[in-house]
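Colleague: mind looking at a prediction? Sequence and model below.
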Amino acid sequence: MERARSHKVFLQFIVIIILVAMSFGLLTACTSAGQEGRNNEKKKTNINSPSGYTGDIAKEDVQEVSILADEEQPSEEEVLLEEEKPLGQEKLLEEEQQPEPGVIVKKDNLPEGFVYLDEYIPSAEYVMGYYGEQNFVGVSIDGYNAPLAIATETAAAALQGVSAAAEKQGYILVIYDAYRPQKAVEHFARWSADESDVAMKELFYPNEDKAAFFQKGYLAKKSGHSRGSTFDLTLAYADTGEELDMGSPVDMLDRISRFDTGEITKEQSANRQLLKQLMVEHGFKPYSKEWWHYTLQKEPFPNQYFDFDIE
């Protein structure tokens, strides 16, 4: 009887030990699960948190997040540089768009039917004396705001044929004047009335009285140049650029500039005849008092005088 009671107590003790062991294992599992849950909470992100974390964060994690946030924020100097960058780029673009020194920028606002002559005859030389001071007046002439030659498209096309024919013979054209604004003609008239202004007499009219220019036909109150189909020009050797000797320079207001003058050599006369032949063959008519002056016979504006500026 006593032996049976001892065996029963022993069995109860074993059961108690087993229950305690099971309880301890369950507690450990719960503790591990809780710790894992807390770790997972640290990894969750929150869009409202600037660092991307929420929940219970360890102190070292807070410091790390703070450092990252500081690295991502630009300094005030960097912000200013970014704000100034577009302005700098705009300034650079403006500088790139500025023409280089010596480059002529055309305004391209010509009336219908007019063109820039150099776009038709790029091989020609352009000596635009009325734009500067190398002319019989000695100053820049009204309306000549750029050293460009302008003409009617019809006249430009005809002169293009002259240029092609001249080049086959080893010559190029030298253009001194084309379209001339009416305001320039009026400038000439004012100048001719000022008897005291004879600064360019020796070079351009050594034997003439400027007051008689209109009477002798050197100047006119209405010029064919203002109709856009008249040219003042000569020839030059294509290989050297040297002008042919015509006996007198362009715009020499003197009897020696008459086409049929007897004051020049046979060679000079032959050179004038060569220019005349090329021009006449392509539809131009000469002016007897100026060997360099030619007008298109079938000009598109025979009765219209223009006054737009050359620019």
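Modeller: Nice, I can see it.

Colleague: look up how far residue 151 lies from the closest residue to residue 303 other than its chain neighbours.
Modeller: In space, and not counting its chain neighbours, residue 303 is closest to residue 227: 8.0 Å by Cβ to Cβ, 6 or more residues apart in numbering. Yep, even glycine has a C-beta here, placed from its N, CA and C like the rest. Using Cβ to Cβ, to the nearest Å, residue 227 is found at 10 Å from residue 151.

Colleague: cool, and residue 201?
Modeller: 30 Å.

Colleague: same check on residue 287?
Modeller: Residue 287 is 16 Å from residue 151, by Cβ to Cβ.

Colleague: same check, this time on residue 258
Modeller: In terms of Cβ to Cβ, residue 258 sits 25 Å off from residue 151.

Colleague: neighbour count for those two, which is higher?
Modeller: residue 151 (27 against 16; other Cβ atoms under 10 Å).

Colleague: for the more buried one, give me phi and psi.
Modeller: Residue 151 adopts backbone torsions of phi -150, psi 170, taken as degrees, to the nearest 10.

Colleague: now for it: which residues touch it?
Modeller: 114, 115, 117, 159, 178, 179, 228, 229, 231 (Cβ atoms under 8 Å, 6 or more residues apart in numbering).

Colleague: closest to residue 216 out of the residues you listed?
Modeller: residue 231 (21.4 Å; Cβ to Cβ).

Colleague: now the strands for the stretch 151-300 of the chain?
Modeller: Ranges of strands within the stretch 151-300 of the chain are 171-177, 230-237, 284-287, 290-296, based on DSSP state E, counting those that start in this stretch.

Colleague: tell me the most buried of those?
Modeller: strand 290-296 (a mean of 24; mean count of other Cβ atoms under 10 Å).

Colleague: for that one, which strands pair with it and how are they oriented?
Modeller: strand 230-237 (antiparallel), strand 284-287 (antiparallel) (DSSP bridges).

Colleague: mind giving me CSV with these and columns for mean pLDDT and distance to residue 196?
Modeller: Formatted as CSV, these follow (pLDDT from 0 to 100; distance: least, Cβ to Cβ, whole Å):
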stretch, mean pLDDT, distance to residue 196
strand 230-237, 98, 27
strand 284-287, 98, 29
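
Colleague: tabulate those (a markdown table), appending distance to residue 190.
Modeller: Output for the strands paired with strand 290-296, formatted as a markdown table (distance: least, Cβ to Cβ, whole Å):
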| stretch | distance to residue 190 |
| --- | --- |
| strand 230-237 | 21 |
| strand 284-287 | 23 |
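
Colleague: how many other residues sit next to the residue nearest to residue 303?
Modeller: Residue 227 has 22 neighbours, counted by other Cβ under 10 Å.
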